[in-house]
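1. any chance you can model this:
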Amino acid sequence: MTTLLLALASAGLVVLGGVGLRLLRTTGLESVVDVVAAADGTRPGGSGAIIDAVGSRFQRSLLTFYGTRRLGDLDVRLRRAGRPEALTVTSYVQRQAGFIVIGAAAGALFAMVGQPVLGAVLLVAFVVWMDLWLFLVGRARVEQIDRELPDFLDVLGVTVAAGLSFRQAIERVSEFHDGPLSQEMQTALREMAVGVTRREAFRGVRDRTRSESVGSFVTALLQAEELGVPLSQALNDIAAEVRRERAQQVRRQAAKASSKVALVVTATMVPGALILMMAGLVLANLDTIQSLFG
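-> Coordinates of the predicted model:
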């Protein structure tokens with residue numbers, strides 16, 4: 001009986017592992033557009049349907065556990081991550097509740113077959129999975145914005161030099177660029193269209209992206225506006241500065257990567273080398289060792 005339960009648990013973990021790998025690229029909530037769609041009874045399909053069905057039964061309890069303040073913080077994190085796959089706070093909590101319930105069931109099953117430590121590890125992994133996924137998505141978005149910003153500023157500078165106003169230039173360039181940076185710029189344009197000042201709109205872009213390069217761009221842009229520097233020249237200077245900062249970031253990442261590579265090489269090659277040396281030593285002195293135990 002124990003063997004059967006262990007086999008069933010292992011098979012379930014294989015299936016859930018496949019779902020987890022899929023969630024590294026998508027949440028499985030493609031059909032969930034907003035809370036209204038969820039209220040209309042629209043349910044996501046695919047491999048995440050079971051998790052969503054389980055989570056919907058415990059969604060209200062988890063929302064209550066979060067509280068108003070933590071739900072507000074979660075909404076900020078989702079906005080900073082670009083609301084991947086049109087996730088709302090409620091749909092995110094629903095998926096997280098599903099993972100927690102399934103993780104608890106898997107942990108209890110492994111505890112029943114005499115593996116409480118493995119069950120506890122599985123429970124913790126399922127509990128933190130959605131938070132980890134959201135963090136990775138947000139970090140990937142910031143990295144993509146950092147890559148797009150220099151080219152975006154180059155084109156923007158040329159467009160401004162051609163005679164368009166700053167707002168028109170941003171609108172024109174954003175139409176021909178596809179990515180999180182263009183989305184943030186379009187958000188800033190919509191805010192300015194309803195009366196938000198340029199300073200506050202771009203400060204909002206800086207706060208949402210949490211990118212050092214965007215922060216430098218916004219700071220330099222506002223300073224150039226205050227000092228009366230020609231906008232096209234300011235954009236060219238800002239683009240050059242952003243490229244220098246980006247190069248420094250790449251060099252820092254390369255320096256960190258070299259130490260990680262050295263650690264991996266040491267962890268994999270040193271044990272193998274020691275095994276070869278010990279095996280050679282044992283084989284060379286095999287007769288002596290046999291005489292000691294003979």
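2. how close does residue 215 get to residue 204?
-> Here the criterion is Cβ to Cβ, to the nearest Å. By it, residue 215 lies 12 Å from residue 204. C-betas here are computed from N, CA, C, even on glycine.
3. only alpha carbons, please: show stretch 87-104 as PDB.
-> The C-alpha trace of stretch 87-104 is given here as PDB (Å, rounded to 0.1, in the frame of the first residue of the first chain):
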ATOM      1  CA  LEU A  87      -3.500  39.000 -14.200                       C
ATOM      2  CA  THR A  88      -5.600  40.800 -11.700                       C
ATOM      3  CA  VAL A  89      -5.300  40.500  -7.900                       C
ATOM      4  CA  THR A  90      -8.200  38.100  -7.700                       C
ATOM      5  CA  SER A  91      -7.000  35.800 -10.500                       C
ATOM      6  CA  TYR A  92      -3.500  35.800  -9.000                       C
ATOM      7  CA  VAL A  93      -4.800  34.900  -5.500                       C
ATOM      8  CA  GLN A  94      -7.000  32.200  -7.100                       C
ATOM      9  CA  ARG A  95      -4.000  30.500  -8.800                       C
ATOM     10  CA  GLN A  96      -1.900  30.800  -5.600                       C
ATOM     11  CA  ALA A  97      -4.700  29.300  -3.500                       C
ATOM     12  CA  GLY A  98      -4.800  26.300  -5.900                       C
ATOM     13  CA  PHE A  99      -1.000  25.800  -5.500                       C
ATOM     14  CA  ILE A 100      -1.200  26.000  -1.700                       C
ATOM     15  CA  VAL A 101      -4.000  23.400  -1.500                       C
ATOM     16  CA  ILE A 102      -2.400  21.000  -3.800                       C
ATOM     17  CA  GLY A 103       1.000  21.500  -2.000                       C
ATOM     18  CA  ALA A 104      -0.700  20.700   1.300                       C
END
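4. tell me where the stretch 1-150 of the chain has helices.
-> Taking DSSP state H, counting those that start in this stretch, the helices of the stretch 1-150 of the chain run over residues 2-23, 35-39, 49-80, 89-112, 116-161.
5. out of these, which one sits most buried?
-> With neighbours defined by mean count of other Cβ atoms under 10 Å, none of the helices of the stretch 1-150 of the chain is more surrounded on average than helix 89-112, at a mean of 21.
6. other SSEs contacting that helix?
-> Helix 89-112 is packed against helix 2-23, helix 35-39, helix 49-80, helix 116-161, with contacts defined by 3 or more Cβ pairs under 8 Å, 6 or more residues apart in numbering; DSSP states H and E.
7. weakest of the ones you listed by average pLDDT?
-> Per-stretch mean pLDDT for the helices and strands packed on helix 89-112 is lowest at helix 35-39 (a mean of 37).
8. the inter-axis angle of the strand or helix carrying residue 243 versus helix 116-161?
-> Taking DSSP states H and E as the criterion, residue 243 maps to helix 231-284. Helix 231-284 and helix 116-161 meet at an angle of 150 degrees, taking axes from the mean of the first three to the mean of the last three Cα atoms, to 10 degrees as the criterion.
9. domains for this structure, by residue range?
-> Per the record, the chain has its domains at 2-141, 143-248, by automatic domain parsing.
10. could you dump these into CSV and include distance to residue 275?
-> Output for the domains of the chain, formatted as CSV (distance: least, Cβ to Cβ, whole Å):
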stretch, distance to residue 275
domain 2-141, 28
domain 143-248, 39
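11. who wins for proximity to residue 280 among the ones you listed?
-> Residue 280 lies closest to domain 2-141 among the domains of the chain, at 37.4 Å (Cβ to Cβ).
12. please put the alpha-carbon coordinates of stretch 230-239 into CSV.
-> Extracted C-alpha coordinates of stretch 230-239, given in CSV (Å, rounded to 0.1, in the frame of the first residue of the first chain):
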residue,chain,number,x,y,z
PRO,A,230,17.5,71.8,-26.5
LEU,A,231,15.5,68.6,-26.3
SER,A,232,17.1,66.8,-29.3
GLN,A,233,20.6,67.4,-27.9
ALA,A,234,19.5,66.3,-24.4
LEU,A,235,18.0,63.1,-25.8
ASN,A,236,21.2,62.3,-27.6
ASP,A,237,23.3,62.9,-24.5
ILE,A,238,20.9,60.9,-22.4
ALA,A,239,21.1,58.0,-24.8
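13. buried ones in it?
-> Within stretch 230-239, the residues scored as buried using 16 or more other Cβ atoms under 10 Å are 231, 232, 234, 235, 236, 238, 239.
14. tell me where the model's unsure across the stretch 151-294 of the chain.
-> Applying pLDDT under 70 to the stretch 151-294 of the chain flags residues 294.
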